[in-house]
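Visitor: Sequence plus the predicted model coming up.
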Amino acid sequence: MTAFTLKSACAAAALTAIATLVQAHGDVAPQAVDTAGLPETGDEWLTENPYRAAEAGEEVWARAVEIGASGYNQNCARCHGLEVISGGLAPDLRFLEAEEYGDEWYVERFQTGYTQNGTTKMPAFGELLGQDAAWAIRTYIETRPDDASMEEVSDELKGLRDQIAGYAENPADADADALKTRLNEIAAGIETLSGAPVADSAAYRAANLIDGTQEAYARAAEALTIGLSAAH
């Protein structure tokens with residue numbers, strides 16, 4: 001089976017799995033998402049993600065990922081899993097293709113939800129959270145890293161995490177530029193399952209946090225700890 005065929009099959013399986021969701025959202029009230037800092041998308045719902053870096057620029061993309069992470073964790077993680085890694089009861093949304101087809105399916109389901117035999121399996125988030133939040137969450141979802149790629153570099157990232165945690169206590173011992181360079185090299189080799197060009201991996205996050213300060217080293221070490229834990 002080719003890589004393209006495998007990805008298409010996985011994406012189809014993720015979409016089909018929606019029909020078998022367990023009742024999970026019925027007793028959970030959607031939580032509002034603060035989308036300050038994102039360009040407003042207007043009243044008419046779009047069919048393609050406007051916050052991708054190629055269209056909106058790196059700064060908007062990064063802000064969308066940040067907001068989308070918060071929105072996802074508040075409203076979606078209970079069913080779809082931490083870091084969008086499904087535990088098996090809900091679809092693994094990392095396989096939803098980062099293209100117009102995936103966008104159209106995603107935004108329709110986000111707006112209208114899913115009901116089976118009169119039971120709400122997923123609420124309609126459209127009017128509750130709005131379009132800006134919808135596309136921010138979509139941006140976050142499509143940038144999730146391939147856990148197989150993460151596994152290949154997990155040992156090195158654990159070692160770097162331990163070093164960085166030590167630098168949080170003694171920042172003078174660190175070479176911030178060398179750390180950022182290596183983390184960026186690792187991040188460049190980590191792929192997404194959606195086909196999005198950049199994975200918002202633990203390595204990527206840590207590299208962008210490091211600025212030579214104690215606080216930054218502590219936050220980078222935490223980002224690596226969380227990312228590595230989610231991948232397992």
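Guide: Alright, I've got the coordinates. It should be emphasised that the depicted structure is a prediction, and the values quoted were computed from it without experimental measurement.
Visitor: So if we follow the domain assignment, how does the chain break up?
Guide: Domain assignment of the chain by automatic domain parsing yields the ranges 3-142, 147-230.
Visitor: what is the mean pLDDT for the first one?
Guide: This predicted structure assigns domain 3-142 an average pLDDT of 83.
Visitor: now the strands for this protein?
Guide: 114-116, 119-122 (DSSP state E).
Visitor: Now render the ones you listed as TSV, adding distance to Leu193 and mean neighbour count.
Guide: Bear in mind the C-beta positions are built from the backbone N, C-alpha and C, glycine included. Below are the strands of the chain laid out as TSV (distance: least, C-beta to C-beta, whole Å; neighbours: other C-beta atoms under 10 Å):
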stretch	distance to Leu193	mean neighbour count
strand 114-116	22	13
strand 119-122	21	16
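Visitor: any chance of those strands in TSV, plus distance to Gly68?
Guide: Formatted as TSV, these follow (distance: least, C-beta to C-beta, whole Å):
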stretch	distance to Gly68
strand 114-116	20
strand 119-122	17
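Visitor: Let me know which of those is the nearest to Gly87.
Guide: Nearest to Gly87 among the strands of the chain is strand 119-122; the distance by C-beta to C-beta comes to 15.9 Å.
Visitor: what helices or strands is that closest one leaning on?
Guide: Applying 3 or more C-beta pairs under 8 Å, 6 or more residues apart in numbering; DSSP states H and E, one finds that strand 119-122 contacts strand 114-116.
Visitor: which helix is the longest one in the chain?
Guide: If you go by DSSP state H, the chain has its longest helix at helix 147-167.
Visitor: In terms of secondary structure, what does that one contact?
Guide: Packed against helix 147-167 by the contact rule (3+ C-beta pairs under 8 Å, 6+ apart) you find helix 176-188, helix 202-209, helix 214-230.
Visitor: So which of those helices is the most surrounded?
Guide: Of those, the one with the most neighbours on average (mean count of other C-beta atoms under 10 Å) is helix 202-209, at a mean of 24.
Visitor: distance between it and the chain's centre?
Guide: The chain centre lies 14 Å from the centre of helix 202-209; the measure is C-alpha atoms, centre = their mean, to the nearest Å.
Visitor: and that helix, what does it pack onto?
Guide: Other elements packing on helix 202-209 under the criterion 3+ C-beta pairs under 8 Å, 6+ apart are helix 147-167, helix 176-188, helix 214-230.
Visitor: Keeping just the C-alphas, turn that helix into PDB.
Guide: Extracted in PDB, the C-alpha atoms of helix 202-209 (Å, rounded to 0.1, in the frame of the first residue of the first chain):
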ATOM      1  CA  ALA A 202       7.300  19.500  21.300                       C
ATOM      2  CA  ALA A 203      10.700  20.200  19.600                       C
ATOM      3  CA  TYR A 204       9.200  23.100  17.600                       C
ATOM      4  CA  ARG A 205       7.600  24.600  20.700                       C
ATOM      5  CA  ALA A 206      10.700  24.200  22.900                       C
ATOM      6  CA  ALA A 207      12.900  25.800  20.200                       C
ATOM      7  CA  ASN A 208      10.600  28.800  20.000                       C
ATOM      8  CA  LEU A 209      10.500  29.300  23.700                       C
END
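Visitor: What mean pLDDT does that helix get?
Guide: 96.
Visitor: returning to what we had before: can you say which of the strands of the chain is nearest to Arg94?
Guide: strand 119-122 (17.3 Å).
Visitor: distance between that closest one and the chain's centre?
Guide: Centre-to-centre, strand 119-122 and its host chain are 23 Å apart (C-alpha atoms, centre = their mean).
Visitor: The closest residue to Gly42 other than its chain neighbours - how many residues pack around it?
Guide: Nearest residue to Gly42 in three dimensions, chain neighbours excluded: Gln131, at 7.5 Å (C-beta to C-beta, 6 or more residues apart in numbering). A total of 20 residues lie near Gln131 under the criterion other C-beta atoms under 10 Å.
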